[in-house]
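Colleague: kindly generate the corresponding structure for this input.
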Amino acid sequence: MDAAKQNRPPRGALVVVAVGLVATLAAALLATDESGGSSVKLEWEKYGALPDSTPARIPGGGSMRLVEAGLRATEDNIEGERIVRSTAVLQIAAGSAVGQARVLCRATGGGAELGRTVDSRAAFPRSTGEYSLTKQEVPESVGVLFHSNGAEFASLELADAFDAFTDLRGVTVSWAPHRTSSQEWQWGLPRGRPHEPLALGLATFWRTTETPAAEISCTVQNAAGSVTVRTAGSL
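Modeller: Model prediction:
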């Protein structure tokens, strides 16, 4: 028998090695996001609801309140840091005087730093420009810069917060200039009073070593005056 054939690895062993390499490559691709950084899926370890705000009367007619507000937090990483998600829905009653009104919402994380995604702030909805917000879907999960289990990004659930950012066509939203300690949205609403109750959902992801906390406020300002609703709390 040829000496070269005697020293050649068995064909079955080569197949096993090839399958192993393919599986390893596939796992590596699944664990890598578009930025080239590794990602790991994390579960929320702590949950807490924030109180609904007291309903406020809108100048010119109608009312609004903050509802379905809540906090979620991951477990600490090796550096004692965690990710906190705050969410809320601004609910405006049908027939309210908000057509072309100035609607501002602001969220803070109790001294926490606003998180970062691959290419932007970890805040939702995104700025839409002139496009209707109904075209922007709520992402199933969000990749937030956070070192955990050797990965660079943490994949965290968002779709459980609400089904849509709004269901009224013609709503737009823009971001205020970036700040590490707060996130602000300015909503653009279509002309006229809404025929149905209007809901505006918002969410932020924060990095902190402190107790998970949040404060969320929204202000409606029209020709007849302004009014603000807010909620706050901690885990």
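Colleague: ends of stretch 76-88, how far apart?
Modeller: Length of stretch 76-88, first residue to last, C-alpha to C-alpha, to the nearest Å: 24 Å.
Colleague: tell me which element A69 is part of?
Modeller: A69 belongs to strand 63-73 when assigned by DSSP states H and E.
Colleague: can you list the low-confidence ranges for the chain?
Modeller: The model of the chain has pLDDT under 70 over residues 1-37.
Colleague: if L71 is in a bridge, with which residues?
Modeller: G48, S86 (DSSP bridges).
Colleague: any idea how far T208 is from it?
Modeller: Counting by C-beta to C-beta, to the nearest Å, the gap from L71 to T208 is 11 Å. C-beta: built from backbone N, CA, C; applies to glycine.
Colleague: overlap of the contact sets of those two?
Modeller: Common contact partners of L71 and T208 (C-beta atoms under 8 Å, 6 or more residues apart in numbering): V84.
Colleague: if we can go back for a sec, packing partners of the strand holding A69?
Modeller: Here strand 63-73 touches strand 46-49, strand 56-57, strand 82-92, strand 213-222, strand 225-234, going by 3 or more C-beta pairs under 8 Å, 6 or more residues apart in numbering; DSSP states H and E.
Colleague: what's the angle from it to strand 82-92?
Modeller: Counting by axes from the mean of the first three to the mean of the last three C-alpha atoms, to 10 degrees, strand 63-73 lies at 170 degrees to strand 82-92.
Colleague: for strand 63-73, which positions count as buried?
Modeller: Under the neighbour-count criterion of 16 or more other C-beta atoms under 10 Å, strand 63-73 has 64-73 buried.
Colleague: kindly indicate which of those lies nearest P194.
Modeller: Nearest to P194 among the buried residues of strand 63-73, counting by C-beta to C-beta, is M64 at 11.0 Å.
Colleague: re earlier: deepest of the helices and strands packed on strand 63-73, which one?
Modeller: Comparing these by mean neighbour count (mean count of other C-beta atoms under 10 Å), strand 82-92 comes out on top with a mean of 25.
Colleague: other SSEs contacting that strand?
Modeller: strand 63-73, strand 102-108, strand 151-157, strand 198-208, strand 213-222.
Colleague: go again using 10 Å as the cut-off
Modeller: With contacts defined as 3 or more C-beta pairs under 10 Å, 6 or more residues apart in numbering; DSSP states H and E, the packing partners of strand 82-92 are strand 63-73, strand 102-108, strand 141-148, strand 151-157, strand 182-188, strand 198-208, strand 213-222, strand 225-234.
Colleague: next, format those strands as JSON lines and append distance to G170.
Modeller: Converted to JSON lines, those look like this (distance: least, C-beta to C-beta, whole Å):
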{"stretch": "strand 63-73", "distance to G170": "18"}
{"stretch": "strand 102-108", "distance to G170": "13"}
{"stretch": "strand 141-148", "distance to G170": "26"}
{"stretch": "strand 151-157", "distance to G170": "29"}
{"stretch": "strand 182-188", "distance to G170": "8"}
{"stretch": "strand 198-208", "distance to G170": "11"}
{"stretch": "strand 213-222", "distance to G170": "17"}
{"stretch": "strand 225-234", "distance to G170": "22"}
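Colleague: and those: which comes nearest S96?
Modeller: Using C-beta to C-beta, these put strand 63-73 closest to S96, at 6.6 Å.
Colleague: circling back to that earlier point, nearest to T128, of the helices and strands packed on strand 82-92?
Modeller: strand 182-188 (8.6 Å).
Colleague: for the closest one, buried residues please.
Modeller: By neighbour count with 16+ other C-beta under 10 Å, strand 182-188 contains the buried residues 183-185, 187-188.
Colleague: swap in stretch 39-58?
Modeller: Buried residues in stretch 39-58 (16+ other C-beta under 10 Å): 39-40, 42, 44, 50, 52-53, 56, 58.
Colleague: understood, closing this out.
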